[in-house]
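Peer 1: For reference, the sequence and a predicted model appear below.
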There are 2 protein chains.
Amino acid sequence: MLTIYGVYRSRASRTIWMAKELGLDYRHVPVIQAYRLPDPAAADAPLNTRSPAFLAVNPNGRIPAIEEDGLVLHESLAINLYLAKRHGGPLGPAGAAEDGLMTMWSFWAMTEAEPHTLEVLYHRVANPQGPCDPARAEAAVAALRAPFAVLDAALAATGFLVGGRFTVADLNLAEVIRYAGAAPELFEAAPRVQAWLAACQARPACRAMMAEREREA
Amino acid sequence: MLTIYGVYRSRASRTIWMAKELGLDYRHVPVIQAYRLPDPAAADAPLNTRSPAFLAVNPNGRIPAIEEDGLVLHESLAINLYLAKRHGGPLGPAGAAEDGLMTMWSFWAMTEAEPHTLEVLYHRVANPQGPCDPARAEAAVAALRAPFAVLDAALAATGFLVGGRFTVADLNLAEVIRYAGAAPELFEAAPRVQAWLAACQARPACRAMMAEREREA
């Protein structure tokens, strides 16, 4: 049985989406980010990323984390690559070359995209740790123009990143690109990215995750 | 035949070290970072990350990149995970759980460590794009104390990250942690990290890479 630690409004959404794609039974433990609480150490505080009980699972104090058959993993995109491979099927790689490409796109999501897409989210929509700064949002949009062009070109052949089908690479990257939704100018300049993200988010597993996310307090 | 693109004084060092660990024949194409050249577009400029010939290999304009049997990959840590799996042996995973852990530690290197270890390098040793800023180095050292403690604890059981042996996870992380060498206070507080890094760097494949790196102009 798989356990997923982390509230929906966190990178745990990626892992919950993946679990639903794979049709896995799982237990969901809604650990919340400590920075969202006035006093994470209070006796009546909910289980959070600084709670000793959660630090025993992930000493980094980050969500998501998972536990399955005694294996504990953190790092959301690594978790999804593991789940796709462990549970088989077309979401995971057929062979070492596809494995390499799915892993490459997942790293690309973290190095080229997420630092900037999070800046768009925090500084055009809502910053959980301070005021929005429009200048930082503008800088992030400027930094994302080249990665969006690379992604747009990569989608030209089949509309997907690897193997001509929806895989863990698309899921991992779609969740990172979603954070840039408040920068429509990026998507207007990259129409294949726009169509690909819409197709990813139209999948029943993504819709089911997002519906549960909307119900989260 | 494997081709590795990228000068030694770049993240390509990781890939060259891995190729030597695996005993692979490879062709080395010393693509240099464009920001190290006064005019990367000059007719007599060496092959660099903004050269059209290299952008045809990696449209992101980043090194390293590899080509093997028609497969082109970028993202250094993904390349090393691919090579370790593709060429087999104890550096790669035995099964899905080890694969998950090796991938997790490689993502951890990029999310928790490298943004800060590079700041230590740039602001205590040499910044290729501007002056050193001691305050940024101090902030990076402060940010690294928690990840170093996590890493120190992870090494307690066997001295290695996964499976009680030296693997791609150790190699990937060792190259990222190396950038913090100018912050001895971090290593003094994490003696297992210090011993582990020394053991990784004492390997013949690492020494061979570093010797070639020293000879690079």
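Peer 2: Thanks, I have the structure now.
Peer 1: all contacts plus neighbour counts: C-alpha atoms, from now on.
Peer 2: OK.
Peer 1: any idea of the pLDDT on the residue in chain A sticking out farthest from the centre?
Peer 2: In chain A, the residue that sits farthest from the middle, by C-alpha atoms, centre = their mean, is A:Ala43; the gap is 30.7 Å. Here the pLDDT value assigned to A:Ala43 is 93.
Peer 1: Domain ranges for chain A, per the record?
Peer 2: A:2-88, A:96-206 (automatic domain parsing).
Peer 1: Now the terminal residues of the last one, how far apart.
Peer 2: Think domain A:96-206. End-to-end distance for domain A:96-206, by C-alpha to C-alpha, to the nearest Å: 27 Å.
Peer 1: any idea how far A:Leu155 is from chain B?
Peer 2: 13 Å (C-alpha to the nearest C-alpha, to the nearest Å).
Peer 1: Not counting its neighbours along the chain, what's nearest that residue?
Peer 2: Distance criterion C-alpha to C-alpha, 6 or more residues apart in numbering or on different chains; nearest residue to A:Leu155, sequence neighbours excluded, is A:Leu161 at 6.0 Å.
Peer 1: From what I see, that neighbour and A:Ala169 are in contact.
Peer 2: Yes: assessed by C-alpha atoms under 8 Å, A:Leu161 is found in contact with A:Ala169 at 6.7 Å.
Peer 1: Need the overlap of contacts for these two.
Peer 2: Residues touching both A:Leu161 and A:Ala169 (C-alpha atoms under 8 Å, 6 or more residues apart in numbering or on different chains) are A:Trp105.
Peer 1: These two: which is more packed in?
Peer 2: A:Ala169 (28 against 24; other C-alpha atoms under 10 Å in any protein chain shown).
Peer 1: Verify the stated contact: that one with A:Trp108.
Peer 2: No: the pair A:Ala169 / A:Trp108 is not scored as a contact, 10.1 Å apart, by C-alpha under 8 Å.
Peer 1: which parts of chain A sit against chain B?
Peer 2: Chain A comes close to chain B at residues A:59-60, A:71, A:73-75, A:77-79, A:81-82, A:85-86, A:96-97, A:99-101, A:103-104, A:107-108, A:110-111, A:146-147, A:150, as judged by C-alpha under 8 Å from any C-alpha of the partner chain.
Peer 1: Among those, which lie within helices?
Peer 2: A:77-79, A:81-82, A:85-86, A:96-97, A:99-101, A:103-104, A:107-108, A:146-147, A:150 (DSSP state H).
Peer 1: Narrow these to those that are buried.
Peer 2: A:77-79, A:81-82, A:85, A:97, A:99-101, A:103-104, A:107-108, A:146-147, A:150 (16 or more other C-alpha atoms under 10 Å in any protein chain shown).
Peer 1: Could I get the full set of helices for chain A?
Peer 2: A:12-21, A:52-55, A:76-86, A:96-108, A:114-124, A:134-154, A:168-177, A:184-188, A:191-201, A:204-215.
Peer 1: now those helices in TSV, with mean pLDDT?
Peer 2: Shown next, in TSV, are the helices of chain A (pLDDT from 0 to 100):
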stretch	mean pLDDT
helix A:12-21	98
helix A:52-55	98
helix A:76-86	98
helix A:96-108	98
helix A:114-124	97
helix A:134-154	98
helix A:168-177	98
helix A:184-188	98
helix A:191-201	98
helix A:204-215	97
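Peer 1: A:Gly95: neighbour count?
Peer 2: A:Gly95, neighbours per other C-alpha under 10 Å, totals 9.
Peer 1: before we move on, could you check phi and psi at it?
Peer 2: Dihedral angles of A:Gly95 (phi, psi; degrees, to the nearest 10) stand at phi 100, psi 170.
Peer 1: burial of A:Ala202, as a residue count?
Peer 2: Count around A:Ala202 with other C-alpha under 10 Å applied: 12.
Peer 1: which one is A:Ala140 nearest to, not counting chain neighbours?
Peer 2: That would be A:His116: by C-alpha to C-alpha, 6+ apart, it lies 4.9 Å from A:Ala140.
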